[in-house]
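Colleague: no FASTA, just this:
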Ligand SMILES: [Zn+2]
Ligand SMILES: [Zn+2]
């Protein structure tokens, strides 16, 4: 029985799932980096961040991420021309998945707030625990206890394994963000340098 995990945006127009989810094939990590915080600010959705400015992110293979409804609301932005694709929903500005800035990404990082947790369950029960925190040097109020200031070699190694398996297993495609001809389902909007500067407050 495949373990599908339901997903939905805040307003419910976009619905999807992680297909056949297994914690050992995913990376659940809290990212405190200033880019993830800037993205939430750009969306007007700082409510997806924790008290330290962290984003609880679940990296899965793009082939394990499916949108069953509302996929036409998906949009793409980049904080800079070389930054990752940051997908969100046009309906309610829900972060919907980060990928490398290419059609074939070894992961899609979905903010855990998109998981539709059934009553009586929890994110930990559904997804397994977070493997740690990264880029804690950018956290609000200083690096939280237990988080890495940057990213430790141990955590990098732990996170590389599922990505490597996705890559050799050809699980970058199909992707909900990419058409069969490997163009994006919605073109990426790279924000201006000025807009970017305003988001970082520097
Ligand atoms: Zn929505
Ligand atoms: Zn980040």
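Modeller: That came through, no problem. Quantities reported herein were computed from a predicted structural model and do not represent experimental measurements. Ligands and ions are numbered 1, 2, ... in the order given.
Colleague: go through the lowest-mean-pLDDT helix or strand in the chain and flag the buried ones.
Modeller: None of the helices or strands of the chain scores lower by mean pLDDT, DSSP states H and E than helix 153-168, at a mean of 90. Using 16 or more other C-beta atoms under 10 Å as the burial criterion, the residues of helix 153-168 that qualify are 155, 159, 162, 163, 166, 167. Every residue, glycine included, has its C-beta placed from N, CA and C.
Colleague: make a markdown table out of the residues you listed and add distance to ligand 1.
Modeller: Formatted as a markdown table, the entries for those read as follows, by distance: C-beta to the ion, whole Å:
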| residue | distance to ligand 1 |
| --- | --- |
| 155 | 32 |
| 159 | 29 |
| 162 | 28 |
| 163 | 28 |
| 166 | 27 |
| 167 | 31 |
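Colleague: closest one of those to residue 40?
Modeller: Using C-beta to C-beta, residue 159 is the member of these that sits closest to residue 40, with 21.4 Å.
Colleague: residues touching that closest one, list them.
Modeller: Counting by C-beta atoms under 8 Å, 6 or more residues apart in numbering, residue 159 makes contact with 27, 29, 59, 131.
Colleague: how about the residues you listed, which pair is most distant?
Modeller: For those, the maximum inter-member distance is 10.0 Å, found between 59 and 131 (C-beta to C-beta).
Colleague: in this structure, which spans are strands?
Modeller: According to DSSP state E, the chain carries its strands in the segments 5-8, 15-18, 27-31, 55-60, 65-69, 74-78, 85-89, 95-99, 108-111, 133-134, 188-190.
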